[in-house]
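**Student:** I need the structure of the sequence given here:
(chains A and B)
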Amino acid sequence: MIVHLSRAEEEGLDGKFGDSISIAYKLLLSIGKATDAERLIPVDWVHLSGVNYNTIGDAGANFLTKYSEEARFSVQTTINPMGYDTHKQNNLSSKFKKKQGEIIKAYESMGSVPSFSCTPYELFELPERGHNVSFAESNAAVMANSVFDLHTNKESSLSALASAVTGKTPYSDLRMSSNRDPKIKIKIDTDLNSELDYGILGYFAGKTVKESCVSFGPHVSNIDMYKTKSLAAALGTSGACGMFSNKEIDGEAISFGKEEAKSVMDELNSNESGDVIALGSPQLGSYELELISNMMGGKKFSKKCMIFCARPTYEKACSSGIAQKLESEGANIICDACTCLSPLLTHDEYDGVITNSIKAAHYLNKSNKISVCLSSIKSIINENTK
Amino acid sequence: MNNSLKCKVIVGGSASGRMLVTKQPINFLSSVDHLTGMITDSNHELYGQCLKNSLLVFPYAVGSSVGAYSIFALKSNGVSPSGIICTSKTDITTASGCAIANIPLLELHKDQDIPEIENFSKAIIDGLSGTLEIKKV
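**Tutor:** Numbers count the residues shown, from 1 in each chain, chains lettered A, B, ... in the order given. Modelled structure (predicted):
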């Protein structure tokens, strides 16, 4: 299959509008070939990953610095969390801060909105249902498709960057309505109670399903935002699947029971306890901060507790008094960053991290090389407050 | 045993090297050391193997969208595969990472008998004609 380009797109590819646009079209063309797209279509909004220096390293930082000399974004472009909260003290190296600064400068000069959030769907006005966006952050792509009916593929940092520059994306996979109907389902044979249970389900499904859309049936109807985000983030972490659905379908079904749940816990739950609690991967929304505040019941955290959220969420929590309450109960609320690959969580400083996030557990174990104690938010608060 | 397999060309170019074959998908952000090219995820069947100068044969990438930068970082650090072949569906992360890093990327056509490809066979990717030549050594 050949990707047909318009005259203007051809000219962009040929370098008429500069090297940065030519590189972006080259990227889109390769993705178009890979996903059998026949043409490019416009997107309303791009969300970029690849902001935290801990994830993209020197190679990524140097690429962005050079690319940003010429490239400019042509649609609204929001960006993922960075490594740390610039309003708070930390022990990070001057090298880390310098490289992180270079990355932010590069995104700024291209015209990004300084959102530093992996939950853009909670912070910005959403386009109308059925519109195309290009979301690189995997939990945001799954949430966009599954909850908000915005159409996106599970984009990469670079495919979304190319879309930010050109305003275009290949028309393929989950952007086509025929592919948004699940062809495979997970049959759930166990009770799902906490947000952790939904994360475990998501991680199992991502590992098991090759298709782009999976059905969980009615188990995912009317679940709260904490559970939905946990499910979406875990699905995005372990797999290539970019959408889940509650549609009942006939046909192939994969069973998810106690044994399957145990295999996920065996892989990710690597410590019986830990010396720091980390909440927020994805970043917590207002609803979740309120929930945690209510669960505290006037007690204080008995261990160090980091809560990651977007800055607007924190400011809202300050207005309502929830932030001050949580801080007085021992929580350290960190903005513009996230548990996932946080440079604030190192194995030099901590023996183990307690979290309820499957996504965080995956990256803490495999990238930060710190062991993880997985527990639901309810159990974490019960066991670590006094 | 010599095998010539037909492929779809995603990123053109030619490459040769020892084959590194897995049926498991890869999360390029969390499972690979970008400075050394080693697979560091002890749950992966390629654990302890090095991607440098290999022809990586795998189904597709999973997980983090930043994996595209990870592929670019492997190339920048001189430890990337010399070519990549996706056996299932080529995902956006691998396609965009290979496009920016100029790593030849092919996808095996499904309408042919695909032999059991063994690790450490030698192979040549021809990104012009879209073939993968495997020589057992």
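
**Student:** what residues are up against B:S96?
**Tutor:** A:L27, A:S30, A:I31, A:S156, A:S157, A:L158, A:S159, A:A162, B:A68 (Cβ atoms under 8 Å, 6 or more residues apart in numbering or on different chains). Glycine gets a C-beta too; all of them are placed from N, C-alpha and C.

**Student:** try 10 Å
**Tutor:** By Cβ atoms under 10 Å, 6 or more residues apart in numbering or on different chains, the contact list for B:S96 reads A:26-28, A:30-31, A:34, A:136, A:155-162, B:11, B:65, B:67-69, B:71-72.

**Student:** and for A:V372?
**Tutor:** A:268-271, A:274, A:278, A:352-355, A:357-358, A:360-365.

**Student:** out of those, which touch chain B?
**Tutor:** A:L268, A:H362, A:Y363, A:L364, A:N365 (Cβ under 10 Å from any Cβ of the partner chain).

**Student:** any chance of the residues you listed in a markdown table, plus secondary structure?
**Tutor:** Output for these, formatted as a markdown table (DSSP: H, G, I helix; E, B strand; the rest coil):
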| residue | secondary structure |
| --- | --- |
| A:L268 | helix |
| A:H362 | helix |
| A:Y363 | helix |
| A:L364 | helix |
| A:N365 | helix |
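
**Student:** for those residues, work out which two are farthest apart.
**Tutor:** A:L268 and A:Y363 (10.2 Å; Cβ to Cβ).

**Student:** please, which helix or strand holds A:S22?
**Tutor:** Assigning secondary structure by DSSP states H and E places A:S22 in helix A:19-34.

**Student:** what packs against that helix?
**Tutor:** helix A:7-13, strand A:40-42, helix A:53-67, helix A:157-166, strand A:168-170, strand B:2-11, helix B:92-101, strand B:105-108 (3 or more Cβ pairs under 10 Å, 6 or more residues apart in numbering or on different chains; DSSP states H and E).

**Student:** what angle do helix A:53-67 and that helix make with each other?
**Tutor:** 120 degrees (axes from the mean of the first three to the mean of the last three Cα atoms, to 10 degrees).

**Student:** run the chain-centre distance for helix A:19-34.
**Tutor:** Relative to its parent chain, helix A:19-34 has a centroid offset of 24 Å by Cα atoms, centre = their mean, to the nearest Å.

**Student:** tell me the mean pLDDT over that helix?
**Tutor:** For helix A:19-34, mean pLDDT is 98.

**Student:** coming back round to it: identify whichever of the helices and strands packed on helix A:19-34 lies nearest to A:F216.
**Tutor:** Nearest of the helices and strands packed on helix A:19-34 (Cβ to Cβ): helix B:92-101, 23.5 Å.

**Student:** between the closest one and helix A:157-166, how big is the angle?
**Tutor:** Using the same axes, to 10 degrees: helix B:92-101 against helix A:157-166 is 70 degrees.

**Student:** tilt between helix B:92-101 and strand B:2-11?
**Tutor:** Using the same axes, to 10 degrees: helix B:92-101 against strand B:2-11 is 80 degrees.

**Student:** residue nearest the middle of chain A, spatially speaking?
**Tutor:** Centroid-nearest residue in chain A, with Cα atoms, centre = their mean: A:N139, separated by 3.7 Å.

**Student:** so it is in which element?
**Tutor:** helix A:138-146.

**Student:** and that helix, what other elements does it pack with?
**Tutor:** Against helix A:138-146 (3+ Cβ pairs under 10 Å, 6+ apart) you get strand A:45-48, strand A:134-135, helix A:195-208, strand A:213-215, helix A:225-238, strand A:243-245, strand A:276-284.

**Student:** okay, those in a markdown table with distance to A:I370, mean pLDDT and mean neighbour count next?
**Tutor:** Listed next are those as a markdown table, based on distance: least, Cβ to Cβ, whole Å; pLDDT from 0 to 100; neighbours: other Cβ atoms under 10 Å in any protein chain shown:
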| stretch | distance to A:I370 | mean pLDDT | mean neighbour count |
| --- | --- | --- | --- |
| strand A:45-48 | 27 | 98 | 28 |
| strand A:134-135 | 28 | 98 | 30 |
| helix A:195-208 | 18 | 98 | 25 |
| strand A:213-215 | 30 | 97 | 24 |
| helix A:225-238 | 16 | 98 | 27 |
| strand A:243-245 | 29 | 98 | 24 |
| strand A:276-284 | 9 | 98 | 28 |
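
**Student:** is it possible to export these to TSV including distance to B:T90?
**Tutor:** What follows is those, written out as TSV (distance: least, Cβ to Cβ, whole Å):
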stretch	distance to B:T90
strand A:45-48	22
strand A:134-135	18
helix A:195-208	18
strand A:213-215	18
helix A:225-238	18
strand A:243-245	19
strand A:276-284	27
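
**Student:** check which residues of the strand or helix carrying A:K378 are buried.
**Tutor:** A:K378 is part of helix A:377-383 when elements are defined by DSSP H and E. Buried residues in helix A:377-383, counted by 16 or more other Cβ atoms under 10 Å in any protein chain shown: A:I377, A:K378, A:I380, A:I381.

**Student:** for stretch B:97-106, same thing?
**Tutor:** For stretch B:97-106, the neighbour count (16+ other Cβ under 10 Å) marks B:G97, B:C98, B:A99, B:I100, B:A101, B:I103, B:P104, B:L105, B:L106 as buried.

**Student:** rewinding a little: and B:G17, which of the helices and strands packed on helix A:19-34 is closest to it?
**Tutor:** For the helices and strands packed on helix A:19-34, the distance to B:G17 is smallest for strand B:105-108, at 13.4 Å, taking Cβ to Cβ.

**Student:** the strands in chain B, which residues?
**Tutor:** For chain B, the strands defined by DSSP state E cover B:2-11, B:14-21, B:54-58, B:83-86, B:105-108, B:122-126, B:131-135.
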